[in-house]
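K.L.:
Take this sequence and fold it.
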Amino acid sequence: IVEEHHNPAARLAALHAAGVDMQCLTMTVPGVHGEEAGVGMKLAQLVNDGFADVIAQYPQHFTALAALPLQDPQAAVVELERAVTQGKLRGGTLFTHINGKQLDDPTFWPLYAKACELDVPLFIHPIVPQQIGAMRDYRLVAVEGFLFETSIAVSRLIYGGVMAQFPQLTLILAHMGGTLPFLAERMDRGFAVYPECRQKIAEPPSLALRRMYMDTFPYSPKAIQFAIEFAGADQILMGSDYPHQIGDLPGGVQTIRDLPIGATEKQLILGDNARRVLKLP
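P.N.:
A predicted model of the protein is given here:
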């Protein structure tokens, strides 16, 4: 834990130093869903009220997505609505599994319906895999496991029919969707040849994947370029993983500025896309 994790004034100073006007705050790993349901709800409310306080204090510099008590999907529906309508937060945060329960589980579908009703995005951030196995060493969970987690979770949302049932649902995927831009062609091939991949969907998975937004991480210009080629610059949001150890706020900005793309595309990624998705003034 560093000062910028919990001190908004320190975080604001870091934004100014990096040339960033506004940042969207989220509570990532470990979330609040590891607790008993009632405690999880109280913690989510505490986090979201804290976010609302920061936004009220620095309205030109911070917005946020709500923490949700996902161990109780009905409570998550209630808290998403409260955070958005009362706290002025811009959406909510999901994780790639909830205590082992997968995101395509029907118990989460009312949450997706509520996000559509409120017309707000849900951000999917990876969490520690259920089975760490060979990723136990070398920090492989952070370096690679998180990307695999996102890939599997989003694949299940697509193949499991969630995106077909909620075509207007706006999803933002951390870390450029894990490995999914790279795997999209193989996902479509699975749809073509495996009946299991067609049980709940009627169109190739890549079509749903291209409708999702993906955020970047620093020092990955070739991967970002590939994601742009796959989904288009209007589906990419600048991310930084900041202030986590692997993140870098100035590096996140500079990576986008150095891409061999046009100025208009860079502006989309650096801010215009986020402004549109989060409905910022």
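K.L.:
Extract the C-alpha trace of the helix or strand of the chain with the lowest mean pLDDT and format it as CSV.
P.N.:
Within the chain, no helix or strand scores below helix 3-6, which has a mean of 93 by mean pLDDT, DSSP states H and E. This file holds the C-alpha atoms of helix 3-6, laid out as CSV (Å, rounded to 0.1, in the frame of the first residue of the first chain):
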residue,chain,number,x,y,z
GLU,A,3,0.1,6.9,-0.2
GLU,A,4,-1.6,7.2,-3.6
HIS,A,5,-3.8,4.2,-2.8
HIS,A,6,-5.7,6.0,-0.2
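K.L.:
Just the mean pLDDT for whatever helix or strand comes next after it, thanks.
P.N.:
Going down the chain from helix 3-6, the next helix or strand is helix 8-18, by DSSP states H and E. For helix 8-18, mean pLDDT rounds to 96.
K.L.:
Give the buried residues for helix 8-18.
P.N.:
For helix 8-18, the neighbour count (16 or more other Cβ atoms under 10 Å) marks 8, 11-12, 14-15, 18 as buried. C-beta coordinates here come from the backbone N, C-alpha and C atoms, glycine included.
K.L.:
That one packs against which elements?
P.N.:
helix 3-6, strand 62-64, helix 249-257 (3 or more Cβ pairs under 8 Å, 6 or more residues apart in numbering; DSSP states H and E).
K.L.:
contact partners of the helix or strand following it?
P.N.:
Next in sequence after helix 8-18, counting helices and strands by DSSP H and E, comes strand 23-25. Contact partners of strand 23-25, identified using Cβ atoms under 8 Å, 6 or more residues apart in numbering, comprise 11, 15, 51, 54, 61-65, 90, 274, 278.
K.L.:
Mark which of these are buried, thanks.
P.N.:
Listed as buried from the contacts of strand 23-25 are 11, 15, 51, 54, 61-65, 90, 274, 278; burial here means 16+ other Cβ under 10 Å.
K.L.:
residues in contact with T26?
P.N.:
Counting by Cβ under 8 Å, 6+ apart, T26 has contacts 64-65, 67, 93, 123, 125.
K.L.:
give me that answer again for 7 Å
P.N.:
Residues in contact with T26, defined by Cβ atoms under 7 Å, 6 or more residues apart in numbering, are 64-65, 93, 123, 125.
K.L.:
State the distance from it to A208.
P.N.:
Distance, T26 to A208, by Cβ to Cβ, to the nearest Å: 23 Å.
K.L.:
How many residues are close by G100?
P.N.:
G100 has 6 neighbours, counted by other Cβ atoms under 10 Å.
K.L.:
Surely it touches Q131?
P.N.:
No. G100 is beyond contact range of Q131, at 10.1 Å (criterion: Cβ atoms under 7 Å).
K.L.:
what secondary structure does the residue nearest the centre of the chain sit in?
P.N.:
Central residue of the chain (Cα atoms, centre = their mean): F123, 3.0 Å from the mean position. Following DSSP: H, G, I helix; E, B strand; the rest coil, we place F123 in the strand state.
K.L.:
Which pLDDT does the model give A142?
P.N.:
If you check A142, the pLDDT there is 93.
K.L.:
hang on, it is in a helix, isn't it?
P.N.:
Yes. Secondary structure of A142, determined by three-state DSSP: located in a helix.
K.L.:
Mean confidence (pLDDT) on stretch 22-35, please.
P.N.:
Stretch 22-35 comes out at a mean pLDDT of 95.
K.L.:
Please export the C-alpha coordinates of it as PDB.
P.N.:
In PDB, the C-alpha atoms belonging to stretch 22-35 read as follows (Å, rounded to 0.1, in the frame of the first residue of the first chain):
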ATOM      1  CA  MET A  22      -9.200  13.000 -14.800                       C
ATOM      2  CA  GLN A  23      -9.000   9.400 -13.500                       C
ATOM      3  CA  CYS A  24     -11.700   6.800 -13.000                       C
ATOM      4  CA  LEU A  25     -11.200   5.100  -9.600                       C
ATOM      5  CA  THR A  26     -12.100   1.500  -9.000                       C
ATOM      6  CA  MET A  27     -11.600  -0.900  -6.200                       C
ATOM      7  CA  THR A  28      -9.800  -3.900  -7.600                       C
ATOM      8  CA  VAL A  29      -8.300  -7.000  -6.000                       C
ATOM      9  CA  PRO A  30      -9.500  -8.400  -3.600                       C
ATOM     10  CA  GLY A  31     -12.900  -6.700  -3.800                       C
ATOM     11  CA  VAL A  32     -15.500  -7.100  -1.000                       C
ATOM     12  CA  HIS A  33     -17.000 -10.400  -2.000                       C
ATOM     13  CA  GLY A  34     -14.700 -12.500   0.200                       C
ATOM     14  CA  GLU A  35     -16.700 -11.500   3.300                       C
END
